[in-house]
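S.K.: Sequence unavailable; structure follows:
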C-alpha cells in the first residue's frame, strides 16, 4: 500500500509518495537524493543514519516516513557551516567519514539541548553512535570545543 504525504525536509516542503513500510532513510536517499544519512546496520545500532526530527536525533532506519507527518526533518545537508561541523574539521574528528554525518547530527542536537554538558553527558550522547575507525577522542574534543566557545561567549 502506498500513500501521499507532505514532508518538511531541510526547510523545503514537498509531496512524497511512499510505501507504508518505507523507512525515512529509504525516502531520504532514494526519493530526495539526500545521501548524508548512511545505510549502516539498518537496525538502530550504529547511528550513521541519524537525522533530526523536530530537533531530536533519530535513527532514520528505525522510523517510517509516514510517521514524519507534520514534523521538521533536518539532514546533514540541511546544516550549513555550523560550529560543530567546523570543530570536526579542526579536531580531525573523522577518519573514513562514514559515521561522521550521524555523529554531527547527534552532537549538534546535544549542543542545542545541553549547552552546559559535562564529559559524562557528552559520552552518553555520543554512545548512541559507532565509529569503526575509533575517532572517539577527537569527536569528544570537537563537541567540547564548541561547548567551551559557546560558554566563553556568554
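M.R.: Received the coordinates, thanks. These figures come from a predicted structure and were not determined experimentally.

S.K.: what about the helices in this protein?
M.R.: 24-26, 83-90, 100-113, 119-126, 136-153 (DSSP state H).

S.K.: Could you count how many residues lie near the residue nearest to residue 1 when sequence neighbours are not counted?
M.R.: Closest residue to residue 1 apart from its sequence neighbours, by C-beta to C-beta, 6 or more residues apart in numbering: residue 20 at 4.9 Å. Yep, even glycine has a C-beta here, placed from its N, CA and C like the rest. When neighbours are defined as other C-beta atoms under 10 Å, residue 20 has 10 of them.

S.K.: quick one, domains of this protein?
M.R.: Per automatic domain parsing, the domain ranges recorded for the chain read 2-78, 83-153.

S.K.: that older thread, from residue 43, how far out is the residue nearest to residue 1?
M.R.: Distance of residue 20 to residue 43, given as C-beta to C-beta, to the nearest Å: 20 Å.

S.K.: With residue 16 instead?
M.R.: Using C-beta to C-beta, one gets 24 Å for the distance from residue 16 to residue 43.

S.K.: Same drill for the two, tell me which one is more crowded.
M.R.: Using other C-beta under 10 Å as the criterion, residue 16 and residue 43 rank with residue 16 on top: 18 against 9.

S.K.: For residue 126, see how far away the more buried one is.
M.R.: According to C-beta to C-beta, residue 16 stands 31 Å off from residue 126.

S.K.: Please consider this matter closed, and thank you.
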